[in-house]
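Asker: Got a sequence here, can you build the structure:
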Amino acid sequence: MAGLYFEEFTVGQTVKTLGRTISEDAIFSFAGLTGDYNQIHTDADFASKTQFGQRIAHGLLGLSIATGLIMRTGMLDGTVLAFREIENWKFVKPFFIGDTVHAILTVSETKALPRIGGGSLLAAVEVRNQTDEVCQRGTLNLLVLSKPK
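Answerer: Have a look, this model is predicted:
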């Protein structure tokens, strides 16, 4: 397995993901997947008259991209048992078409859970744009497999 086991995570450990550019196609694919065709995401004329002046990506699309980028680091590859909870998630600023996003994950707490063969990992996550502005933030609670004995 390429992923880190629960025992290999330490409080304060920080990982920065690669970036990914949000495309118009991603927004329309997400709208189709979820059924959320809100005009702020899909209608350029409507969105041009809002406080943003243009279409914005779905907030949950940003969160979904961030979790995908975290998985791409490989640190949870084959060792994550579950995304248990998303806590205190804030949508601070919108993502626009053409923004390149990345996530910064910092382990804030670990708790062994021997009965499940792993442990709980709390990680503070910031999702930032290409100018390093925090656009989303919150905490992920993950269950991670323990190292085999």
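Asker: count of neighbours near the nearest residue to E8 once chain neighbours are set aside?
Answerer: Nearest residue to E8 in three dimensions, chain neighbours excluded: K147, at 7.3 Å (Cβ to Cβ, 6 or more residues apart in numbering). To be clear about C-beta, it is placed using only N, CA and C from the backbone, and glycine gets the same treatment. The local packing of K147 (other Cβ atoms under 10 Å) involves 13 other residues.
Asker: before we move on, what about P114?
Answerer: Count around P114 with other Cβ under 10 Å applied: 8.
Asker: circling back to that earlier point, list the residues that contact the residue nearest to E8.
Answerer: 5-8 (Cβ atoms under 8 Å, 6 or more residues apart in numbering).
Asker: let's go with 10 Å and repeat that
Answerer: For K147, the contacting residues are 1, 4-8, 79, 117-118, by Cβ atoms under 10 Å, 6 or more residues apart in numbering.
Asker: Narrow these to those in strands?
Answerer: Counted as lying in strands by DSSP state E, out of the contacts of K147, are G118.
Asker: any chance of the contacts of K147 in CSV, plus distance to V125 and neighbour count?
Answerer: Converted to CSV, the contacts of K147 look like this (distance: Cβ to Cβ, whole Å; neighbours: other Cβ atoms under 10 Å):
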residue, distance to V125, neighbour count
M1, 23, 12
L4, 16, 22
Y5, 20, 16
F6, 18, 24
E7, 21, 14
E8, 19, 13
T79, 18, 22
G117, 25, 13
G118, 20, 22
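Asker: Using a markdown table, lay out the contacts of K147 together with pLDDT and distance to K90.
Answerer: Shown next, in a markdown table, are the contacts of K147 (pLDDT from 0 to 100; distance: Cβ to Cβ, whole Å):
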| residue | pLDDT | distance to K90 |
| --- | --- | --- |
| M1 | 55 | 33 |
| L4 | 97 | 27 |
| Y5 | 97 | 30 |
| F6 | 97 | 27 |
| E7 | 97 | 31 |
| E8 | 97 | 29 |
| T79 | 96 | 28 |
| G117 | 95 | 33 |
| G118 | 97 | 28 |
